[in-house]
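S.K.: pasted the sequence and its predicted model underneath.
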Amino acid sequence: MAKMAASIVEHGEDAFRKLFKFYKRRNPPPDLSDVIDFSKGVINGKVFCRELNTGSVSEAAARRAGLHPVEDWKAFGLHGYPGFIFISNPFLSGSQQYWVKQCLKVYPRKPNICNLDLHMSAEETQNIWEKSTAQISQKRSGKREPKTLLEKLRWVTLGYHYNWETKTYSADQHTPFPSELHTVAQHVASACSFPDFTAEAGILNYYHFDSSLGIHVDESELDHTQPLLSFSFGQSAIFLLGGLRREDPATAMFMHSGDIMVMSGPSRLLYHAVPKIVINPGADLVPQCLLQRSDVPEDSVVRRVSEQDWDVCTKYIQTSRINVTVRQVLGKGVAFPVGSADRSTAPSLNDAYHESSSEGEGGVDEKRMRSSSGDS
């Protein structure tokens with residue numbers, strides 16, 4: 001099957017779509033031996049080490065953001081993909097727990113917008129975490145039970161809220177961007193030689209074992225000179241990175257918990273997709289990096305998660321992955337076009353985010369997948 005994957009890559013016509021279907025299939029399961037695993041640190045004809053700007057962020061500033069010193073980060077590039085940077089888990093032990101908790105408990109709160117707003121009132125989606133925690137805590141492994149609101153989350157938008165119907169951002173659909181996420185994103189961008197990056201919009205994606213994200217390109221931001229940052233937490237995923245044309249062949253790689261991808265320069269507008277979530281093998285379903293004792297300093301923007309909150313997060317993350325993409329919408333001196341105000345305060349159901357083989361919550365046919373979506 002590894003030879004089959006290689007053969008698909010070699011043939012350009014519709015190669016991306018064929019590779020997507022190859023890795024998405026369940027029976028027989030795909031051979032993953034051709035998938036690049038940056039965590040192994042293997043340098044070959046495709047992968048090379050990337051140098052970062054180690055003087056851009058002080059060691060103290062990095063640690064306050066829950067990150068190792070930049071000089072200790074393991075960064076890689078791919079030949080043929082200029083501007084693409086893969087950073088293998090630069091987070092301090094214990095800091096990922098905080099981001100998982102923020103994505104599940106804090107960021108889905110109003111006035112931020114989520115997929116549940118499509119068919120539920122604001123009152124019903126006001127306290128997603130509070131309405132879900134008791135049921136999640138009591139769930140027993142292997143038993144099918146009704147999904148909580150938290151488990152029905154597919155996406156949340158931050159800052160400038162992306163409008164799925166018009167595929168645009170606008171000035172009148174905006175809430176304050178989380179300061180702690182802005183800090184981390186700015187440090188990562190600076191380390192990748194983008195010191196002027198400003199985090200203005202975020203899309204959080206919630207994947208379950210049967211979720212996937214179709215082939216797309218992120219192009220709705222008004223400024224493409226700044227990078228798109230992608231943070232992964234929880235279960236691993238297979239990520240496919242293609243070319244400037246939808247039919248260009250793609251390269252497969254793992255995204256593990258804590259990994260960061262930076263798409264900049266020529267790679268900023270490349271097609272990409274997520275065909276498969278790979279559940280952590282072994283008896284312990286939670287990735288080891290999420291179970292380590294905290295090494296975060298007391299003055300960090302990253303706070304320790306209570307045992308009660310982490311118990312809920314652990315139950316959730318056993319079968320799920322969270323992806324956070326952060327992007328700058330406007331360039332320096334750039335404003336939204338006159339008359340670009342949103343015509344709708346809620347996303348369109350026709351542009352729902354994930355494909356899914358479950359009962360259709362958020363599921364759409366790949367042909368209807370939007371052209372600008374959130375996972376990079």
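M.R.: That came through, no problem.

S.K.: and the strands in the stretch 101-250 of the chain?
M.R.: For the stretch 101-250 of the chain, the strands defined by DSSP state E, counting those that start in this stretch cover 113-114, 155-159, 201-208, 211-216, 228-234, 236-241.

S.K.: return the most buried member of these.
M.R.: Among the strands of the stretch 101-250 of the chain, ranked by average contacts under mean count of other C-beta atoms under 10 Å, first place goes to strand 228-234 (a mean of 26). Placement of C-beta: from N, CA and C, glycine included.

S.K.: give me the contact list for that strand.
M.R.: Strand 228-234 has contacts (C-beta atoms under 8 Å, 6 or more residues apart in numbering) with 96, 99-100, 103, 185, 188-189, 218, 221, 255-264, 268, 287, 290, 317, 320-327, 375-376.

S.K.: rerun at 6 Å
M.R.: Residues outside strand 228-234 that contact it (C-beta atoms under 6 Å, 6 or more residues apart in numbering) are 96, 99-100, 185, 188, 218, 255, 257, 259-263, 317, 320-327, 376.

S.K.: mind checking the strands of the stretch 101-250 of the chain for the one nearest to residue 337?
M.R.: Among those, strand 201-208 comes nearest to residue 337, with 16.5 Å by C-beta to C-beta.

S.K.: what's the angle from that closest one to strand 211-216?
M.R.: Between strand 201-208 and strand 211-216, the angle comes out at 130 degrees (axes from the mean of the first three to the mean of the last three C-alpha atoms, to 10 degrees).

S.K.: contact partners for residue 269?
M.R.: 217, 219.

S.K.: got the phi/psi numbers for it?
M.R.: phi -120, psi 30 (degrees, to the nearest 10).

S.K.: low-confidence regions, the stretch 251-376 of the chain specifically.
M.R.: By pLDDT under 70, the weakly predicted segments of the stretch 251-376 of the chain are 282-283, 339-376.

S.K.: element containing residue 29?
M.R.: Using DSSP states H and E, residue 29 sits in no helix or strand.

S.K.: per-residue pLDDT of the nearest residue to residue 14 once chain neighbours are set aside, please?
M.R.: Spatial nearest neighbour of residue 14, chain neighbours left out: residue 247 (5.6 Å); criterion: C-beta to C-beta, 6 or more residues apart in numbering. As predicted, residue 247 sits at a pLDDT of 86.

S.K.: for residue 247, the count of nearby residues, please.
M.R.: 14 (other C-beta atoms under 10 Å).

S.K.: report the central residue of this structure.
M.R.: Nearest to the geometric centre of the chain sits residue 323, at 2.3 Å (C-alpha atoms, centre = their mean).

S.K.: for residue 153, see how far away that one is.
M.R.: Separation of residue 323 from residue 153 (C-beta to C-beta, to the nearest Å): 12 Å.

S.K.: hmm, back to that, restricted to strands, list the contacts of strand 228-234.
M.R.: Of these, the ones assigned to strands by DSSP state E are 255, 260-263, 320-327.

S.K.: which among those gets closest to residue 38?
M.R.: The shortest approach to residue 38 among these belongs to residue 255, at 8.9 Å (C-beta to C-beta).

S.K.: check contacts around that closest one.
M.R.: 232, 237, 239.

S.K.: mind doing that once more with 8 Å?
M.R.: Residues in contact with residue 255 (C-beta under 8 Å, 6+ apart) are 230, 232, 236, 237, 238, 239, 261, 323.

S.K.: can you put those in JSON lines and add distance to residue 313?
M.R.: JSON lines is the format used below for the contacts of residue 255 (distance: C-beta to C-beta, whole Å):
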{"residue": "230", "distance to residue 313": "20"}
{"residue": "232", "distance to residue 313": "15"}
{"residue": "236", "distance to residue 313": "17"}
{"residue": "237", "distance to residue 313": "18"}
{"residue": "238", "distance to residue 313": "23"}
{"residue": "239", "distance to residue 313": "23"}
{"residue": "261", "distance to residue 313": "23"}
{"residue": "323", "distance to residue 313": "16"}
